[in-house]
Structures are given as C-alpha cells and as structure tokens.
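Need coordinates for the below:
(chains A, B and C)
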Amino acid sequence: MSNDAMPRITGSANAGSSRFLLPTRRSVLAGGAALIGGAALSAPYVSRAYAAETLKFWQFYAPGGTVGSQVTWFEQMVKSWNDQNEVKVELVYVPNNEYMNGSKLQTAFASGGGPDLFIISPGDFLRYYNGGVLADLTPYIDEAAQKDFPESVIANRKVDGKIYGIPMEVEPMAMYYSIKAFEDAGLNENDVPKTWDQLLEVAKKLTTSDRFGVLFETQPGYYQNFTWYPFMWQGGGDFQTAEGKSAFNSPGTVQALKLWQDAVNSGAAPRKPLGGGGWDVVPNLGSGYCAMQNVGIWAIAALREGAPDFKYGIFKLPQPAGGKYVTVGGGWAFVANARGKQVEAASKFCAWALGSMAPDSIQRVVDWCTVAKSDMPPRQSALEKGAAAFNEGMMKVFSQEIYPGTRAEPRVPPQVYKIISDAIQATQLNGQDPAKVAEQASAQLDGFLAGYSGAPIL
Amino acid sequence: MTDAALPRATAGEPPSLYRAVPAVLALAKLVLALATVAPLLFMLSVTFKNQNEIFTMNLIPEKPTLDNLTYVFTQVNFLRYLWNTFFVAATVTIVALFFHSMAGYALARLRFPGRDAIFLAMFSTFLVSLPVIIVPLFILVKALGLLNSYAGLIIPSIFNAFGIFLLRQFYLNVPREIEEAAVIDGAGYWRIYWSIILPLSRPMLAALAILFFLANWNAFLWPLTITSDENLRVVQVAVASFQGQYTASWNYIMAASTVVALPTVIVFIIFQRQIMESIKTSGLK
Amino acid sequence: MSEAMSRPSSTPAARKAAGFRFSARHREWIAGYLFVAPDAIGLFVFAGLPMLLALGLGFFTLDGFGGFQFSGLANYRRMFVDPLFLQSLKVTLAYVLMLVPSLYVVGLALALMVQKGSVLNAVIRSMFFLPQMVSLVVVALVWQVLLVDKIGLVPKMTGFLGLGGLSWLGDPDLALVSVVVVSVWFLMGFYMLIFLGGLQDIPREYYEAARMDGAGYFAQLRHITLPLLRPTSFFVLLVSTVAAVAGGQAFDLIYVMTKGGPANSTSLAIYYIYQQAFQYNEYGYAAAMASFLVLLLMAMTLLLFVLTRGGRFNYD
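Numbering: from 1, shown residues only, chains lettered A, B, ... in the order given. Next comes the predicted model:
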C-alpha cells in the first residue's frame, strides 16, 4: 500500500486514459480534476485503485456461497500458490449474474483496470482475445502437458497454435428430471423422452398449476445460446459454413427455434426461470418449479450440496425425427490479462494451477471435477487418475452416455451471439415465425461476417 | 355553477355524494391503502419466514425465524455497506445544498452580466438523466482518476440543476427589504448570504435535504458502474448482487431488502408530517 | 472568501477606508460569479462536458479495451437503421404514453380521496406515500418475487379471475405493462402530494357557493376542482413526461426485473444504450445514440422553459 494518495490519482488516470481518450482532452480534464477533486477531499478517500503487489483473480465462486466445496477449492489453490511464491494472488468475487450477463468485467477493462486473472467461457473468448487482453500462456505449459489436453477441448482456447486459456472443466449439457414429478404424473423411467415430440408430450403431462413440465433457459446471452446450439446441430443446422458465411437460415436451425417456441407456447415451459436462470438447478428443478430441466453436468454437484434429498434422473438430449445425437460441452478457463501489472506471474499461475504435469496440478483438476464440482476433466491424465469417480453414480451417465456425443462450445464475438440471441428470444418468447426470424438473422450474420477481421470463429 | 343534468336529490342533505356514504368510502380507502403497502408487508413477512414458506399466502410466518437477518449480517459485510451509503449520501447532501443555495442566491438576487445565460445553461442539463450520459461520464470520471473511490461516488452526484432551480425560485420570492436592511448595516454579500439568506431558507433546505439524501441513499446505477472494490460497495448494489449470489434463497434476499429499506422507512415514519408537508408546499408545484 | 464577498458593499465608511476599490456594481458582479462558480463549474464538468463528449465519441469506434478509430458518421447512420434502437424508441414512447396518464389519474384520484383532514386520511396518505421511501432496487426485487409465474402471490390472486396463467414479466406483451404498474405504484404517492398541494390552494368559498347552488360532488369536481387545478396538472404532466423519457427510475427497475427482456420488450432507449456500451463494448455507438437522446431532451427542456415562462411553475 502506498502511503500517499496523490500520486495514485495521476497514476490511475494515466494508466488507461491515453488509450481511451483523445490526448488533448486529458489536459483539460486533469485541470478539472485538480480543481474539483484534489482540493476538496481528504486523502484516504481518494482513489484506492489497485495495489501492484497482488494479482487480482476475478471469478464467481462466492466466499461462503452456495456450493462451499468450490469455494474451498479456489481458496486452497490460492493459498498453496501464495505459500510458494513472491507474487500473491487474491480472489475477488463477482456475483454470477454480473459476471455472465452483466457489465462488471467489460467496465473494468474499458477503464484500463481489468483483473490480472479471470475466468472465461468459450462463448465470450473472442471478445477478450480480439480486445488484445489475453496473454499467451503457451511458453509456460510444457510440451507433455500441452498434449494432455485433447484437441477437442483446447481448440477453442487456441489461436494460431497458441494457448490463451487453460480449461478447468468440460461441461456437457443434458436433461434432468424429478422422479417425484414423474411419479405424480403416473410416469416412470421408461417414459423418459427420446424424441422432441415425446419431450413436448411428456412435458405437457408433467405440467400442473404450480409446476412447469420442462425448462429451457430464457434469459438472453451467450449462456442461452450455448444451451440452444445442440438442438440446432441435431437437425444438421449451424450458424456458419466452412467458408465463413452464414448458415443460419436452414431447416435444422428453424426447427430448433420452433422446438423452444412450442415448449413455451404449449404452457409446458416457463418464460422466466427462478433463481439465477436456466443454469441454476436447485431453485428450479430442485424446488419443484419444473419437472425436467435442460442443464449441464455441474447440476449434480449443485443438487448434492443444495438439495441432498432430491431424487432425480438424467437423460441425454432427445433428438428430432431424422436427426443425430449431439450435445454441447462448455466449461470455463483460466486466463491472464496481457495488460496486467505482472503478466508473467499471472501466466505462470494459470499454468501451475491447471496446466502442469506435476502431480498436484493433475490432482487439482481431478478434485475440481469430482469433489468441488461435478464435471468431466479437460485432461487425459485427470480422466485416468479420477477414473473411479467418473464412473460411478450420476457421473457415470455422463461419462458413458452423454459425453461421447459432445461437440465443443462455439466461440463467437459478442456481435454474433447477440444476433443469435435476438433470434432465439424473438421466437421463443415473442411468438415470431422461426423461418422468418432465421432468414433475418442470417442476413445480419452475413453482414457482420463480411467485415469481421478478428481471430477465427469456431 | 349549477348543472342541470345532475339530480338534485342530494340537495338539503349533506350535499356531496362523498358524505352520503362515508363508511363505505372510508373502508374502500383503507383497503386500497393496505393493498398499497402489502408488497412491503410481504417483504417484511418473508424476512422472518423459512425457505419452504416463501410462496405461501399467510402473512404471519408459521415459525418466525431470525436466521435470515443473522445470515445477512454475518455472511455479507452489510454494516460496512450501510456506512458507505450513509457517508456518500450525507456528504453529497451537505455539499450540494451549500453550493446550490449559493448559486440560487446569486441567480435570484444579484445582478451580473451573463446571469440569465448561466441560468439557462444550467437549466439545459435539467432533463439529462444519468443513464443517458453514463458512457461519457464514466470515461470522464475515469480520466479524472476517480474510479473506485469515494470521490468518484460523491463528486459527480453533487451537481444537479434541480436543486439550483428550486432554490432560485425560493429566493426570488424573498422580500427585498430584508436584504436592504443588511446592506445599510454594511454587510457584504457573503454575510448577507450566510446570516440572512441561509437561515431564512431553512425549511426549504430541510425539504431538499430529505429529497437529496433519499435520492443518494437509493442511487444504484452510478455506484454499480464505477466501483468494483468491495470496500466501497453501497447497499443498493450490495442487495442487487446479493440476489445474484443467493439466487435460490428469496428469504435471504428479502431479509437484505428489508435491511436496506428500513432506514429510510423509519426516517419517514418519524418525520412523515414534515416530509410530506415539505413536498406539498416546497414550490415543487 | 474573496474580497468582494467578504467586504461590505457600498457604505461610505468602507469606501473611505481603502484606496482603490471596485465600484459597488463590480463588486456585485464578482460576488455573483463567485457564488455561482462551484455549481457552474461542477455542472459543466459533470453534465455539460459528458453531453459534448457523447457527441464527439459518436464519431469513433471504441472497442472497450482501449482501441479506438475514427469512423465518421457511421455510428450516427447505423442508429437509424438499427431495428433494435428504433424499437427501443418505440418502447420508450409506449412507456411514456402508458405511465403519464396513469400517474395523472391515480395521483389525482388518491389526492381527492384523502383530501379532507382527518386522522384516518392522514394515516392513509402516509400509506400511499410509503413505497416512495423504498429504493427502486428493493422495489424491483420485491415485485419480482410477487410476480413469479404460477406460484407468485400475484398469479395466485389473479388466478381467481382466471388470469393465473399470465406471465407478468415473461410475456413481451405484458412485461412493459408490469413495469408501468410498478412505476405507478412507486410514484403515485409523490404526485398525490403535489395534487394535494394544488387542492389546498383552491379557496373553500368556491365549493360553498357551489353547494348553495346544489351542485353535487362530481359537478364541483368538474366545474371547480379541475379548472383550478390546471397549473398543478400542467406541472404534473410535464414533470412525469420528462421523468419518463429521461428514464432514471425505469432504468433501475428494468435492470433488476427484466434486463430489457423478454425479447427486448422492455428495452427502453436508455437501457439499450447502456447495454450496447457496457455489455457489447460498443462505446462509440452508444455515445452516438446517447447524443441523439441528449438533443431530444434538450429540445424538451427548451420547450419546458418556454412553456413555464423561464422555469416558473407556480402560477398565481
């Protein structure tokens, strides 16, 4: 901590303003600052920006939060690092809704004060990569460890063969159902839907005056898109062709839009999930608000912790007539801010935590995916080391039935996910014609893709 | 004033319809008033409810519990947030009233070239609300190095044309003689302002103080945008992110909401007469 | 404090005491400038400059990570072909058209209801005003629970009317209505007080005379109350319109309750601008749209200034 507040004012003003503002304006503003701010305020209350010594690590696993084991994992990791290293890491908690759909990270970067370390989803990778704030982590990950990440997992964190993010987990999507709700409706595990038609039919049967049959995410954002992609892929749809043109206007896309629309229109799917949204399993499926929920593998741990007595089953995503099974696998990755104070230390931290062949690094990945959370591991070695855990109970359903059909979550710039998101929203919630919406969205996509110059959209 | 179309049946009796059925009307009013405060009672009720009781219709919890409130104060640093909010709102209120009364006095009572132009320029910012200019304001405040600081929370919130406008309006109606007596006594403008104008405007300042404090206590967008430091968090941002954190637990969220709402509601209950009178008569019309 | 502010003005004693002095007129000038300075500078820096900055930033493309590029009129052109921006203007208009008349009617009705001085009325007045004392964030959170589909209290209660299946915040046709209802609930107490202030100023004798003539309640309302309330009505309509367009209140509600959704149905212009900037990193584009809104609001202010004869709201 510096003992004098005044240098910090200028310090933080200089840190980012030259990038953001026209230089000429700065002098004007600085004058205003001295006039207005400087004189009137006592020192302790002026800018307490960022202490240079510690690396700030932003994530959304709350201290004292809902899934305690995940917080513990983060805390232990950081403690272990801090015990061994000069440059310390400090966890900064940002609530999930502000992290994923909010503006916290963006605002921080826009002001030149982004965190040194943070986690990102493939869905938002290009925003930060194209913004030039992701550090190249490749030099810090040894050869053997690089090979330990299957290409299907690491590809969407790579540009030109270099690794910009180290995945913590692989999170495939599936359907969860409440055994009690099934029993109430006179159904059993043989009635688990295998096709889209069956899904709608069963959902209708499960709908009551205080419960919805099936829940899909309804809040716009890259998470909603992520959960929707597999339905698009199952019928052969996609959003871009191999040549980088829009492929959005296709029967596969239209029928996926229509499926979600039908679910809402029939009254079987809610227009507004409870809790944090569609990813949040305890307040929705766990509380009995819905009977089936489209959610990912992490829900096992969430239910284990948040609703331990809740009885549920898991089944893989139903398929459309003539379609093939596929699901999507997401997952967050550690990244380092290329414009941070100590980029090298931050990059080393990422590699040390998740990307080294040292036994403790592999064990950390195993622990995260089995003890703390319930996820598939992003590393071959971790899959072997934790084999027992991945092949028992609910995890077994994932590792044996659901995971094998996994396609990696696409990475797209914000403009693209906004176009897709608007199309989903317009059909799912606003009753617009899927064919027409797909056509419009496709035109918008083509318009954007033609002028796009960032890293490849995958 | 006669209206031929209107039946004259009520003439002779208490003339208005209003008086003809006082009991029914009183009851209807009471029901409406209760319906108005019902959402707040609901919030209070959930504060003392267990998780499984949240969506039940009963207003009185079956098994009242203090766990939710305890949780709010032990899991999150709410006391710190309350203090931050109080400090920011109080500072803004005091400084703003001081500056606005000075400006209002000069614009109303002193003659100097460009006075009307200055007033018009100030007035032109009257309608431009924070969400409209938040992008450039954010960039500006960042350039001034005020992000993540109390100064950043306080300084931009001080200046608003509304207060200047009302005080000027008020001072326009102060009789000339009061000042003239002071001028004859040899008082300077500062003394006139300090010992005559300020005391004179005490009721107006009190009314504005309440409004300013409330507005700043309840401010959300600005603190949300310019602070990420947990030590600077204000209650409105805290309660909104609390919702993001405890998504499944409406009982905690409502308990936190109650904690945030209570200070202003208590202030209102104590000072309701003054607050309402001041709004009614303060030239806000 | 400066010379001009601290020293006496035009007394002969003072004038004799010093050699060179400003004339009384000049002293008044200087005092005036000094008194106005803090607010004038502050408003310029924190309101005027951002408005100008918005106009300038609109000519740039900023990526939110420090990169920027001059892009001429591109942002300004884009906004008039951006269907979502045009829709957000429509949503703003719909919000204003629903909110302003509702507030007027509800505010006036409540004021008439509790106009007479009695203990009961005083209590009821306070109850109507109470929501105003709670922050919009809390208001939004509470209503969010009340409006939860199927199991929330509102759907349960409207279930008796056969409306239980409605999704108040999830249906694009209803979400904006819900936001308006919550806004009215929050604001009505304030406007009730403004109307009460106006009602107080109507001389009692008018009503007495009317009663002698045998005029009933509604005749009195029509022929005395409403005409004499015209200045107050004017103020209420003006202020509520302006507040609705500027959107300070609506923003917090929408941020917490709907995030502009579902399907952008509650995306007011101010919310859309915020989203473009802080969620999609389109700072330049957001600034361009903001400057359009600033110009719109300035035009409204000017109109306000003219309509109120230089900012005077009290009509005597």
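
A helix includes residue C:192, no?
Yes. Checked against DSSP: H, G, I helix; E, B strand; the rest coil, residue C:192 lies within a helix.

Please verify my assumption that residue C:38 contacts residue B:101.
No. Counting by CB atoms under 8 Å, residue C:38 stays clear of residue B:101, with 10.9 Å between them. All C-beta spots, glycine's among them, are computed from the backbone N, C-alpha and C.

who's more crowded, those two?
Under the neighbour definition other CB atoms under 10 Å in any protein chain shown, residue C:38 and residue B:101 were set side by side, and residue B:101 has more, 25 against 20.

and residue B:116, what element?
Assigned by DSSP states H and E, residue B:116 belongs to helix B:115-123.

now the next helix or strand after that helix, how far from the chain's geometric center?
Later in the chain than helix B:115-123, the nearest helix or strand by DSSP H and E is helix B:130-143. When distances are taken as CA atoms, centre = their mean, to the nearest Å, helix B:130-143 is centred 22 Å away from the chain's centroid.

Does helix B:130-143 reach chain C?
Yes. Under the criterion of CB under 8 Å from any CB of the partner chain, chain C is reached by helix B:130-143 at B:130, B:131, B:132, B:133, B:134, B:135, B:136, B:137, B:139, B:140.

Which helix or which strand is home to the nearest residue to residue A:235 once chain neighbours are set aside?
Closest residue to residue A:235 apart from its sequence neighbours, by CB to CB, 6 or more residues apart in numbering or on different chains: residue A:252 at 3.5 Å. Assigned by DSSP H and E, residue A:252 belongs to helix A:251-265.

Can you name the residues in contact with stretch B:31-47?
B:54, B:59-61, B:68-69, B:250-251, B:254-255, B:257-258, B:261, B:265, C:113, C:123-124, C:127-128, C:130-131, C:134, C:138-139, C:142-143, C:145-146, C:153, C:185 (CB atoms under 8 Å, 6 or more residues apart in numbering or on different chains).

Of those, select the buried ones using a PyMOL command.
The following PyMOL line selects those of those that are buried, judged by 16 or more other CB atoms under 10 Å in any protein chain shown:
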select buried, (chain B and resi 54+61+68+69+250+251+254+255+257+258+261) or (chain C and resi 113+124+127+128+130+131+134+138+139+142+143+145+146+153+185)
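
Point me to the residue of chain A nearest chain B.
Nearest to chain B in chain A, going by CB to the nearest CB, is residue A:95, at a distance of 3.2 Å.

ok, now which ones touch the residue nearest to that residue when sequence neighbours are not counted?
Nearest non-adjacent residue to residue A:95, counting by CB to CB, 6+ apart: residue B:244, 3.2 Å away. Taking CB under 8 Å, 6+ apart as the criterion, residue B:244 is in contact with A:95, A:96, A:97, A:98, A:102, A:276.

ok, now with 10 Å
For residue B:244, the contact set (CB atoms under 10 Å, 6 or more residues apart in numbering or on different chains) comprises A:60, A:62, A:94-102, A:275-276, B:253.

Now do the phi/psi pair for it.
Dihedral pair for residue B:244: phi -70, psi -30, per degrees, to the nearest 10.

again with residue A:176
Backbone torsions for residue A:176, taken as degrees, to the nearest 10, come to phi -110, psi 150.

what bridges to it?
Using DSSP bridges, the beta-bridge partners of residue A:176 come out as residue A:293, residue A:314.

can you pull the contacts of it?
Residue A:176 sits next to A:215, A:281, A:284-286, A:290-296, A:299-300, A:303, A:310, A:312-315, A:394 when contact means CB under 10 Å, 6+ apart.

Point me to the helix or strand that includes the residue of chain A found nearest chain C.
For chain A and chain C, the shortest gap (CB to the nearest CB) falls at residue A:271, measuring 2.5 Å. In the assignment (DSSP H and E), residue A:271 maps to no helix and no strand.

Export the residues of helix B:130-143 next to chain C to CSV and append columns for neighbour count.
Converted to CSV, the residues of helix B:130-143 next to chain C look like this (neighbours: other CB atoms under 10 Å in any protein chain shown):
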residue, neighbour count
B:130, 22
B:131, 26
B:132, 30
B:133, 28
B:134, 25
B:135, 31
B:136, 26
B:137, 24
B:139, 26
B:140, 23
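
one step back: keep only the contacts of stretch B:31-47 that also lie close to chain A.
Under the cut-off given by CB under 10 Å from any CB of the partner chain, chain A has B:54, B:250, C:145 from the contacts of stretch B:31-47 close to it.

Next step: these restricted to helices.
Members of these lying in helices (criterion: DSSP state H): B:250, C:145.

Just give me the closest of the ones next to chain A among the contacts of stretch B:31-47 to residue B:196.
For those, the minimum distance to residue B:196 (CB to CB) is 52.1 Å, reached by residue C:145.

thought that closest one was touching residue B:257?
Yes. With contact defined as CB atoms under 10 Å, residue C:145 counts as touching residue B:257 (9.5 Å).

Quick check: neighbours shared by those two?
Between them, residue C:145 and residue B:257 share these contacting residues under CB under 10 Å, 6+ apart: B:43, B:46, B:250.

And stretch C:207-223, what's buried?
Across stretch C:207-223, burial judged by 16+ other CB under 10 Å covers C:207, C:210, C:211, C:214, C:215, C:216, C:217, C:219, C:220, C:221, C:223.

mind putting these in CSV, pLDDT, secondary structure and distance to chain A included?
Converted to CSV, the buried residues of stretch C:207-223 look like this (pLDDT from 0 to 100; DSSP: H, G, I helix; E, B strand; the rest coil; distance: CB to the nearest CB, whole Å):
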residue, pLDDT, secondary structure, distance to chain A
C:207, 89, helix, 50
C:210, 88, helix, 52
C:211, 87, helix, 53
C:214, 86, coil, 55
C:215, 85, coil, 51
C:216, 85, coil, 47
C:217, 85, helix, 44
C:219, 88, helix, 48
C:220, 89, helix, 47
C:221, 89, helix, 42
C:223, 88, helix, 47
